[in-house]
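Asker: Return a 3D structure for these sequence lines:
(one chain, ligands or ions: 2)
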Amino acid sequence: MRRGREHTPAGVRQDGRVADPRVPELMQIAETIAREAGDLVRANRPDRVDVAGTKSSATDVVTAMDLAVEELIRRRLGELRPDDGVLGEERGLEPGASGLTWVVDPIDGTVNFLYGLPAHAVSVAVVSGDPDPASWTMLAGCVHNIPDATTWTAGAGGGAWQDGRRLPALVDRGLDDALIGTGFGYRADRRRRQGLVAAALLPRVRDIRRMGAASVDLCMVASRALDGYYERGLNPWDMAAGALVVIESGGVVAGLRGRAAGEAMTVCGPPTLVSELIAALEKLDADSDAEL
Ligand code: IPD
Ligand code: CA
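Answerer: Ligands and ions are numbered 1, 2, ... in the order given. Down below sits the predicted model:
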(Lines give C-alpha, C1' and ligand atoms only; values in the text may rest on other atoms or scores of the structure.)
(Ligands and ions follow the chains in the order given, each with its own letter.)
Protein backbone atom coordinates (compact mmCIF):
# COMPACT_ATOMS: atom_id res chain seq x y z
CA MET A 1 0.00 0.00 0.00
CA ARG A 2 1.37 3.39 -0.86
CA ARG A 3 2.33 5.65 1.95
CA GLY A 4 1.64 9.22 2.91
CA ARG A 5 0.96 11.65 0.15
CA GLU A 6 2.82 10.31 -2.90
CA HIS A 7 0.78 10.21 -6.07
CA THR A 8 2.31 7.58 -8.36
CA PRO A 9 -0.10 4.63 -8.61
CA ALA A 10 1.11 1.33 -7.17
CA GLY A 11 2.98 -0.78 -9.73
CA VAL A 12 3.58 2.18 -12.03
CA ARG A 13 7.02 3.46 -12.95
CA GLN A 14 8.01 7.12 -12.75
CA ASP A 15 7.50 7.47 -16.51
CA GLY A 16 3.90 6.40 -16.07
CA ARG A 17 4.24 3.03 -17.85
CA VAL A 18 2.76 -0.09 -16.31
CA ALA A 19 5.50 -1.83 -14.35
CA ASP A 20 4.07 -5.30 -14.56
CA PRO A 21 3.01 -6.79 -17.90
CA ARG A 22 0.77 -9.31 -16.14
CA VAL A 23 -1.66 -6.59 -15.04
CA PRO A 24 -4.20 -6.77 -17.93
CA GLU A 25 -4.62 -10.54 -17.59
CA LEU A 26 -4.85 -10.32 -13.78
CA MET A 27 -7.55 -7.62 -14.10
CA GLN A 28 -9.49 -9.88 -16.43
CA ILE A 29 -9.25 -12.86 -14.07
CA ALA A 30 -10.27 -10.77 -11.03
CA GLU A 31 -13.35 -9.52 -12.87
CA THR A 32 -14.33 -12.91 -14.30
CA ILE A 33 -14.16 -14.60 -10.92
CA ALA A 34 -15.90 -11.79 -9.03
CA ARG A 35 -18.76 -11.86 -11.55
CA GLU A 36 -19.07 -15.65 -11.30
CA ALA A 37 -19.19 -15.34 -7.51
CA GLY A 38 -21.90 -12.67 -7.80
CA ASP A 39 -23.91 -14.97 -10.11
CA LEU A 40 -23.70 -17.73 -7.49
CA VAL A 41 -25.10 -15.46 -4.77
CA ARG A 42 -27.85 -13.99 -6.96
CA ALA A 43 -28.96 -17.44 -8.11
CA ASN A 44 -29.00 -18.98 -4.65
CA ARG A 45 -29.97 -16.28 -2.17
CA PRO A 46 -32.48 -17.94 0.13
CA ASP A 47 -35.64 -16.04 1.20
CA ARG A 48 -34.33 -16.08 4.73
CA VAL A 49 -30.58 -15.98 5.23
CA ASP A 50 -29.38 -17.82 8.34
CA VAL A 51 -26.23 -17.18 10.34
CA ALA A 52 -23.84 -20.16 10.13
CA GLY A 53 -21.43 -18.94 12.83
CA THR A 54 -19.76 -15.96 14.45
CA LYS A 55 -16.16 -14.72 14.38
CA SER A 56 -14.61 -11.84 16.36
CA SER A 57 -17.84 -11.04 18.27
CA ALA A 58 -21.51 -12.10 18.38
CA THR A 59 -22.31 -9.48 15.73
CA ASP A 60 -19.51 -10.60 13.36
CA VAL A 61 -21.46 -13.24 11.47
CA VAL A 62 -20.71 -15.69 8.69
CA THR A 63 -23.37 -17.28 6.47
CA ALA A 64 -23.28 -20.47 4.43
CA MET A 65 -23.07 -18.22 1.37
CA ASP A 66 -19.82 -16.55 2.53
CA LEU A 67 -18.29 -20.03 2.76
CA ALA A 68 -19.71 -21.26 -0.56
CA VAL A 69 -18.52 -18.15 -2.41
CA GLU A 70 -15.00 -18.44 -1.01
CA GLU A 71 -14.91 -22.10 -2.08
CA LEU A 72 -15.93 -21.13 -5.61
CA ILE A 73 -13.29 -18.38 -5.79
CA ARG A 74 -10.55 -20.69 -4.49
CA ARG A 75 -11.53 -23.40 -6.97
CA ARG A 76 -11.49 -20.98 -9.92
CA LEU A 77 -8.16 -19.46 -8.86
CA GLY A 78 -6.78 -22.99 -8.55
CA GLU A 79 -7.78 -23.61 -12.18
CA LEU A 80 -6.62 -20.26 -13.59
CA ARG A 81 -3.67 -19.34 -11.32
CA PRO A 82 -2.48 -22.57 -9.65
CA ASP A 83 0.87 -21.15 -8.49
CA ASP A 84 -0.52 -18.10 -6.71
CA GLY A 85 -1.36 -17.89 -3.01
CA VAL A 86 -4.84 -17.04 -1.72
CA LEU A 87 -5.73 -15.04 1.40
CA GLY A 88 -9.48 -15.26 1.98
CA GLU A 89 -11.56 -13.97 4.88
CA GLU A 90 -13.13 -17.32 5.72
CA ARG A 91 -10.24 -19.78 5.24
CA GLY A 92 -7.13 -17.66 5.75
CA LEU A 93 -3.86 -17.86 3.85
CA GLU A 94 -2.84 -20.66 1.51
CA PRO A 95 0.62 -19.58 0.35
CA GLY A 96 1.68 -20.00 -3.28
CA ALA A 97 4.97 -20.26 -5.14
CA SER A 98 4.67 -17.39 -7.64
CA GLY A 99 5.07 -14.41 -5.27
CA LEU A 100 1.51 -13.28 -6.07
CA THR A 101 -1.37 -13.62 -3.62
CA TRP A 102 -5.08 -13.17 -4.26
CA VAL A 103 -6.77 -11.26 -1.45
CA VAL A 104 -10.44 -12.17 -1.36
CA ASP A 105 -13.55 -11.18 0.54
CA PRO A 106 -16.30 -13.54 -0.68
CA ILE A 107 -19.02 -11.24 0.70
CA ASP A 108 -18.00 -7.85 2.01
CA GLY A 109 -21.02 -6.48 3.85
CA THR A 110 -22.27 -9.77 5.24
CA VAL A 111 -24.68 -8.02 7.62
CA ASN A 112 -26.24 -6.19 4.65
CA PHE A 113 -26.51 -9.55 2.87
CA LEU A 114 -28.22 -11.01 5.95
CA TYR A 115 -30.79 -8.19 6.02
CA GLY A 116 -31.20 -7.87 2.23
CA LEU A 117 -29.70 -4.35 2.17
CA PRO A 118 -28.12 -3.01 -1.03
CA ALA A 119 -24.34 -2.77 -0.42
CA HIS A 120 -22.71 -6.20 -0.33
CA ALA A 121 -19.96 -7.15 -2.72
CA VAL A 122 -17.43 -9.69 -3.84
CA SER A 123 -13.91 -8.24 -3.55
CA VAL A 124 -11.06 -9.92 -5.44
CA ALA A 125 -7.56 -8.44 -5.66
CA VAL A 126 -4.08 -9.70 -6.44
CA VAL A 127 -0.92 -8.33 -4.86
CA SER A 128 2.76 -9.11 -5.07
CA GLY A 129 4.89 -9.46 -1.95
CA ASP A 130 3.48 -10.28 1.48
CA PRO A 131 -0.31 -9.95 1.51
CA ASP A 132 0.06 -7.13 4.02
CA PRO A 133 -1.17 -3.60 3.27
CA ALA A 134 1.99 -2.14 4.84
CA SER A 135 4.22 -3.57 2.12
CA TRP A 136 2.26 -5.18 -0.71
CA THR A 137 2.23 -3.94 -4.31
CA MET A 138 -1.33 -4.03 -5.60
CA LEU A 139 -1.58 -5.28 -9.16
CA ALA A 140 -5.26 -5.70 -9.99
CA GLY A 141 -8.64 -5.81 -8.33
CA CYS A 142 -12.38 -6.03 -8.84
CA VAL A 143 -15.28 -5.11 -6.56
CA HIS A 144 -18.60 -6.53 -7.78
CA ASN A 145 -21.65 -5.25 -5.90
CA ILE A 146 -23.96 -8.23 -5.74
CA PRO A 147 -27.51 -6.75 -5.74
CA ASP A 148 -27.14 -4.53 -8.82
CA ALA A 149 -23.98 -6.05 -10.39
CA THR A 150 -22.17 -2.70 -10.44
CA THR A 151 -18.54 -3.64 -11.10
CA TRP A 152 -15.39 -1.65 -10.46
CA THR A 153 -12.05 -2.87 -11.80
CA ALA A 154 -8.55 -1.47 -11.55
CA GLY A 155 -5.07 -2.46 -12.63
CA ALA A 156 -1.83 -0.86 -11.51
CA GLY A 157 -1.16 1.73 -14.19
CA GLY A 158 -4.23 0.57 -16.11
CA GLY A 159 -6.75 2.98 -14.61
CA ALA A 160 -9.98 2.41 -12.72
CA TRP A 161 -13.21 1.42 -14.39
CA GLN A 162 -16.88 1.22 -13.42
CA ASP A 163 -19.01 -1.03 -15.63
CA GLY A 164 -16.60 -0.60 -18.53
CA ARG A 165 -16.38 3.22 -18.22
CA ARG A 166 -13.03 4.69 -17.22
CA LEU A 167 -13.39 6.72 -14.05
CA PRO A 168 -12.25 10.33 -14.38
CA ALA A 169 -9.80 11.83 -11.89
CA LEU A 170 -11.20 12.72 -8.48
CA VAL A 171 -12.08 16.32 -7.72
CA ASP A 172 -10.78 17.82 -4.49
CA ARG A 173 -12.93 19.74 -2.03
CA GLY A 174 -12.59 21.03 1.51
CA LEU A 175 -13.50 18.88 4.49
CA ASP A 176 -16.40 21.13 5.51
CA ASP A 177 -18.04 20.50 2.12
CA ALA A 178 -17.35 16.78 2.04
CA LEU A 179 -19.67 13.78 2.30
CA ILE A 180 -17.64 11.26 4.26
CA GLY A 181 -18.17 7.50 4.49
CA THR A 182 -17.07 5.46 7.45
CA GLY A 183 -17.68 2.11 9.14
CA PHE A 184 -17.61 0.54 12.56
CA GLY A 185 -15.89 -2.63 13.74
CA TYR A 186 -17.55 -5.56 15.45
CA ARG A 187 -16.02 -5.18 18.95
CA ALA A 188 -17.95 -3.09 21.47
CA ASP A 189 -14.89 -1.26 22.89
CA ARG A 190 -13.75 -0.21 19.44
CA ARG A 191 -17.25 0.87 18.44
CA ARG A 192 -17.64 3.05 21.50
CA ARG A 193 -14.58 5.01 20.47
CA GLN A 194 -15.52 5.01 16.77
CA GLY A 195 -18.89 6.53 17.68
CA LEU A 196 -17.18 9.34 19.60
CA VAL A 197 -14.82 10.05 16.69
CA ALA A 198 -17.75 10.18 14.24
CA ALA A 199 -19.68 12.49 16.59
CA ALA A 200 -16.71 14.87 16.79
CA LEU A 201 -16.29 14.88 13.01
CA LEU A 202 -19.98 15.31 12.15
CA PRO A 203 -20.23 19.09 12.79
CA ARG A 204 -17.14 19.63 10.60
CA VAL A 205 -18.30 17.90 7.40
CA ARG A 206 -21.29 17.99 5.01
CA ASP A 207 -22.53 14.68 6.44
CA ILE A 208 -21.48 11.12 7.25
CA ARG A 209 -22.67 7.86 5.65
CA ARG A 210 -22.29 4.27 6.90
CA MET A 211 -23.07 1.90 4.01
CA GLY A 212 -21.85 -1.36 5.57
CA ALA A 213 -19.37 -2.64 2.99
CA ALA A 214 -15.86 -1.19 3.04
CA SER A 215 -15.00 -2.29 -0.50
CA VAL A 216 -18.07 -0.47 -1.83
CA ASP A 217 -17.27 2.61 0.28
CA LEU A 218 -13.83 2.79 -1.32
CA CYS A 219 -15.27 2.40 -4.82
CA MET A 220 -17.95 5.02 -4.10
CA VAL A 221 -15.13 7.49 -3.43
CA ALA A 222 -13.65 6.58 -6.82
CA SER A 223 -17.10 7.11 -8.40
CA ARG A 224 -17.58 10.39 -6.50
CA ALA A 225 -20.68 9.11 -4.71
CA LEU A 226 -18.72 9.88 -1.53
CA ASP A 227 -16.01 12.54 -1.26
CA GLY A 228 -13.88 10.65 1.23
CA TYR A 229 -13.89 7.65 3.53
CA TYR A 230 -12.10 6.53 6.67
CA GLU A 231 -12.31 3.46 8.83
CA ARG A 232 -10.33 1.87 11.65
CA GLY A 233 -10.06 -1.93 11.73
CA LEU A 234 -10.13 -2.93 8.05
CA ASN A 235 -8.71 -6.32 7.12
CA PRO A 236 -6.60 -6.79 3.98
CA TRP A 237 -9.54 -8.41 2.12
CA ASP A 238 -11.89 -5.51 2.94
CA MET A 239 -9.62 -2.96 1.31
CA ALA A 240 -7.31 -4.52 -1.30
CA ALA A 241 -9.40 -4.20 -4.46
CA GLY A 242 -11.20 -0.98 -3.48
CA ALA A 243 -7.97 0.77 -2.52
CA LEU A 244 -6.51 0.12 -5.98
CA VAL A 245 -9.70 1.48 -7.57
CA VAL A 246 -9.27 4.71 -5.56
CA ILE A 247 -5.56 5.05 -6.35
CA GLU A 248 -6.16 4.42 -10.05
CA SER A 249 -8.78 7.18 -10.10
CA GLY A 250 -6.15 9.62 -8.83
CA GLY A 251 -7.00 9.33 -5.15
CA VAL A 252 -4.84 8.74 -2.11
CA VAL A 253 -5.17 5.84 0.33
CA ALA A 254 -3.18 6.39 3.52
CA GLY A 255 -3.01 5.83 7.25
CA LEU A 256 -2.45 8.31 10.06
CA ARG A 257 0.92 9.68 11.24
CA GLY A 258 2.67 9.00 7.89
CA ARG A 259 1.88 5.31 7.97
CA ALA A 260 0.46 3.16 5.20
CA ALA A 261 -3.27 2.47 5.21
CA GLY A 262 -4.16 -0.69 7.10
CA GLU A 263 -5.83 -2.10 10.15
CA ALA A 264 -4.99 0.92 12.36
CA MET A 265 -6.64 3.37 9.95
CA THR A 266 -7.52 3.71 6.29
CA VAL A 267 -8.31 7.16 4.88
CA CYS A 268 -9.05 7.80 1.21
CA GLY A 269 -10.16 10.48 -1.20
CA PRO A 270 -8.61 13.22 -3.32
CA PRO A 271 -5.24 14.45 -1.97
CA THR A 272 -6.14 17.71 -0.21
CA LEU A 273 -9.27 16.28 1.39
CA VAL A 274 -7.28 13.29 2.64
CA SER A 275 -4.70 15.63 4.21
CA GLU A 276 -7.47 17.54 6.03
CA LEU A 277 -9.23 14.35 7.11
CA ILE A 278 -5.98 12.84 8.37
CA ALA A 279 -5.22 15.99 10.39
CA ALA A 280 -8.70 15.88 11.97
CA LEU A 281 -8.49 12.15 12.73
CA GLU A 282 -4.98 12.46 14.18
CA LYS A 283 -6.22 15.20 16.55
CA LEU A 284 -9.01 12.88 17.66
CA ASP A 285 -6.58 9.95 18.12
CA ALA A 286 -8.94 7.99 15.90
CA ASP A 287 -6.38 5.19 15.63
CA SER A 288 -6.84 4.34 19.32
CA ASP A 289 -9.51 2.24 21.07
CA ALA A 290 -8.96 3.91 24.45
CA GLU A 291 -11.94 5.60 26.05
CA LEU A 292 -11.90 9.39 25.63
C1 IPD B 1 -17.18 -5.45 7.12
C2 IPD B 1 -17.78 -4.38 6.24
C3 IPD B 1 -18.13 -3.16 7.06
C4 IPD B 1 -16.95 -2.61 7.80
C5 IPD B 1 -16.30 -3.69 8.66
C6 IPD B 1 -15.96 -4.90 7.80
P7 IPD B 1 -17.61 -7.99 6.39
O8 IPD B 1 -16.80 -6.56 6.34
O9 IPD B 1 -16.87 -4.01 5.23
O10 IPD B 1 -18.62 -2.10 6.26
O11 IPD B 1 -17.37 -1.55 8.62
O12 IPD B 1 -15.12 -3.14 9.20
O13 IPD B 1 -15.39 -5.92 8.62
O14 IPD B 1 -17.46 -8.51 7.78
O15 IPD B 1 -19.02 -7.68 6.07
O16 IPD B 1 -16.93 -8.78 5.35
CA1 CA C 1 -16.74 -10.79 4.44
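
Asker: Local confidence estimate at residue 18?
Answerer: Predicted confidence (pLDDT) at residue 18: the value is 55.

Asker: My error: substitute residue 205 in the last question.
Answerer: Reported pLDDT for residue 205: 98.

Asker: hang on, it packs against residue 174?
Answerer: No: the pair residue 205 / residue 174 is not scored as a contact, 9.6 Å apart, by CB atoms under 8 Å. C-beta here means a position set from N, CA and C on the backbone, and glycine is covered the same way.

Asker: Return the residues of the stretch 51-200 of the chain in contact with ligand 1.
Answerer: Residues of the stretch 51-200 of the chain found near ligand 1 (CB under 6 Å from any ligand atom) are 89, 105, 108, 109, 110, 111, 183, 184, 185.

Asker: Surely the fourth one touches residue 123?
Answerer: No: look at residue 109 against residue 123 with CB under 8 Å: they stay out of range, at 9.5 Å.

Asker: Show me whatever sits in contact with both of these two.
Answerer: Residues touching both residue 109 and residue 123 (CB atoms under 8 Å, 6 or more residues apart in numbering) are residue 215.

Asker: Where in the chain is the helix or strand with the lowest mean pLDDT?
Answerer: Within the chain, no helix or strand scores below strand 61-63, which has a mean of 77 by mean pLDDT, DSSP states H and E.

Asker: Give the partner strands of that one in its sheet and their orientations.
Answerer: Next to strand 61-63 in the sheet, as set by DSSP bridges, lie strand 51-54 (antiparallel).

Asker: quick one: the strand it pairs with to chain centroid distance?
Answerer: 23 Å (CA atoms, centre = their mean, to the nearest Å).

Asker: burial measure for the residue in the stretch 1-150 of the chain positioned nearest to ligand 1, as a count.
Answerer: The minimum distance from the stretch 1-150 of the chain to ligand 1, using CB to the nearest ligand atom, falls at residue 110 (3.9 Å). If you count neighbours by other CB atoms under 10 Å, residue 110 ends up with 23.

Asker: Longest helix in this protein, please.
Answerer: Criterion DSSP state H: the longest helix present in the chain is helix 23-44.

Asker: what does the model give the residue nearest in space to the middle of the chain for pLDDT?
Answerer: Taking CA atoms, centre = their mean, the centroid of the chain lies closest to residue 239, which sits 2.5 Å from it. pLDDT recorded at residue 239 is 98.

Asker: residues contacting it?
Answerer: 133, 214, 215, 218, 253, 261, 266.

Asker: relative orientation of the helix or strand harbouring it and helix 23-44 in degrees?
Answerer: Per DSSP states H and E, residue 239 falls inside helix 236-248. Orientation of helix 236-248 against helix 23-44 (axes from the mean of the first three to the mean of the last three CA atoms, to 10 degrees) gives an angle of 130 degrees.

Asker: Tell me the first helix or strand C-terminal of helix 236-248.
Answerer: Taking DSSP H and E, what comes next after helix 236-248 is strand 252-254.

Asker: Distance check, residue 149 against ligand 2.
Answerer: For residue 149, the distance to ligand 2 equals 18 Å [CB to the ion, to the nearest Å].

Asker: which residues sit in contact with that residue?
Answerer: 35, 38, 42.

Asker: Kindly report the same for residue 118.
Answerer: Each residue near residue 118 by CB under 8 Å, 6+ apart is listed here: 112, 145, 147, 148.

Asker: among these, which are in strands?
Answerer: Using DSSP state E, the subset of these located in strands is residue 145.

Asker: quick revisit: so which of the contacts of residue 239 sit within helices?
Answerer: Short answer: the contacts of residue 239 in helices (DSSP H) are 214, 215, 218.

Asker: those helices in the stretch 1-150 of the chain, which residues are they?
Answerer: 23-44, 64-80, 110-115 (DSSP state H, counting those that start in this stretch).

Asker: rewinding a little: so how far is residue 46 from the residue of the stretch 1-150 of the chain closest to ligand 1?
Answerer: 14 Å (CB to CB, to the nearest Å).

Asker: re the thing from before, redo the helices of the stretch 1-150 of the chain as JSON lines? Include mean pLDDT and distance to ligand 2.
Answerer: Formatted as JSON lines, these follow (pLDDT from 0 to 100; distance: least, CB to the ion, whole Å):
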{"stretch": "helix 23-44", "mean pLDDT": "96", "distance to ligand 2": "12"}
{"stretch": "helix 64-80", "mean pLDDT": "96", "distance to ligand 2": "6"}
{"stretch": "helix 110-115", "mean pLDDT": "93", "distance to ligand 2": "5"}
